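**Student:** my questions are about this predicted structure, shown below with the sequence.
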Protein chains: 2
Amino acid sequence: MSQTISKLAKKLNISVEIVRFYERKGLISQPEKPTHGYRHYPEETADRIRFIHRSKELGFTLDEIGRLLSLADSPCSQVQALAEDKLAMVQSKMKGLKRLEKALEALLSQCNNNDDDTHCPIIDSLQP
Amino acid sequence: MSQTISKLAKKLNISVEIVRFYERKGLISQPEKPTHGYRHYPEETADRIRFIHRSKELGFTLDEIGRLLSLADSPCSQVQALAEDKLAMVQSKMKGLKRLEKALEALLSQCNNNDDDTHCPIIDSLQP
DNA sequence: CTTGACTCTGTACCTATGTACGGCATTTAT
DNA sequence: ATAAATGCCGTACATAGGTACAGAGTCAAG
């Protein structure tokens, strides 16, 4: 029950090029190529690509996903460590954005108390 | 009180090339070049680059930072409008990160209920 | 005055994640 | 049997944000 690259791509709603791209990146392995070098994929490859896409949505890079995939049979603690790193990164980014949000809100409130449209207090605040 | 490009770069702990790169991108203007085309920077350039770096840490692209910087001589109402755009962008970015955080936390909580270190439930969750 | 440290411009290269295309082989539909 | 579709490989391009030279000019110390 194997399928050509375009069938696979269509099923996953991605381009044929992306399948080959993932192969070049080592995320999926080159399958059996019975007739004249044509790739024929088993259903597991589709699963693997779905895994890749889910992980991508969670903010993992393709490199990290490669590591995740190779950890598939590793102790839970290793996988956990990777996810924890990612979580820490996300949380630190959020902290920075929260700071910025506060700063922008503060700036905007200064504008609201400003009668003089020719000069903006935001600019003064942005200057170090 | 002007300084050469390498003095500036060293003070800011960045490479000389980056200073020129920012110049090419229009983020800083080419300064006075009194002797044979050598750049000599006033202290404001250092301030400007510090501003760029702070903004970068908060997830602004260089293009966006360019726009922020160009607000300097605009009427308050324009500055305000752009700041509001940024605020909306920041909030939307935070929303995305929050979703990610929740997803990662959900994965990790599965690990914590897992006695079997030889097999990770994260991998199962990502599997279709 | 020579040597070594800077500086200039311009271009090429790098990573990440693809996208697109040229040129040729093969398979499938008519 | 032939034309269209699909496949292959290799390479170039795109974006963002740099990084690294090459080759030539200039400045500063001994």
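**Tutor:** Right, received. Where do you want to start? It should be emphasised that the depicted structure is a prediction, and the values quoted were computed from it without experimental measurement.

**Student:** just checking, what packs against the helix or strand hosting A:S55?
**Tutor:** Assigning secondary structure by DSSP states H and E places A:S55 in helix A:43-57. Using 3 or more Cβ pairs under 8 Å, 6 or more residues apart in numbering or on different chains; DSSP states H and E as the contact test, the elements touching helix A:43-57 are helix A:5-12, helix A:16-24, helix A:62-70, helix B:121-126. Every residue, glycine included, has its C-beta placed from N, CA and C.

**Student:** the first one close to DNA strand D?
**Tutor:** Yes. Helix A:5-12 lies within reach of DNA strand D by Cβ under 7 Å from any atom of the strand, at A:5-7.

**Student:** could you redo those as CSV and give each row pLDDT, distance to chain B and neighbour count?
**Tutor:** Putting the residues of helix A:5-12 next to DNA strand D into CSV (pLDDT from 0 to 100; distance: Cβ to the nearest Cβ, whole Å; neighbours: other Cβ atoms under 10 Å in any protein chain shown) gives the following:
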residue, pLDDT, distance to chain B, neighbour count
A:I5, 94, 19, 18
A:S6, 94, 21, 12
A:K7, 94, 17, 14
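
**Student:** looking at the residues you listed, which is nearest A:S74?
**Tutor:** Closest to A:S74 out of these is A:I5 (29.8 Å), distances taken as Cβ to Cβ.

**Student:** pretty sure that closest one sits against A:F21.
**Tutor:** No. Judged on Cβ atoms under 8 Å, A:I5 makes no contact with A:F21 at a distance of 11.6 Å.

**Student:** how many residues are close by A:L100?
**Tutor:** As a burial measure, the neighbour count of A:L100 was computed by other Cβ atoms under 10 Å in any protein chain shown and equals 23.

**Student:** any idea which helix or strand carries A:R39?
**Tutor:** Secondary structure assignment for A:R39, by DSSP H and E: no helix or strand.

**Student:** what's around it, how many residues?
**Tutor:** In terms of burial, A:R39 registers 20 neighbours under the definition other Cβ under 10 Å.
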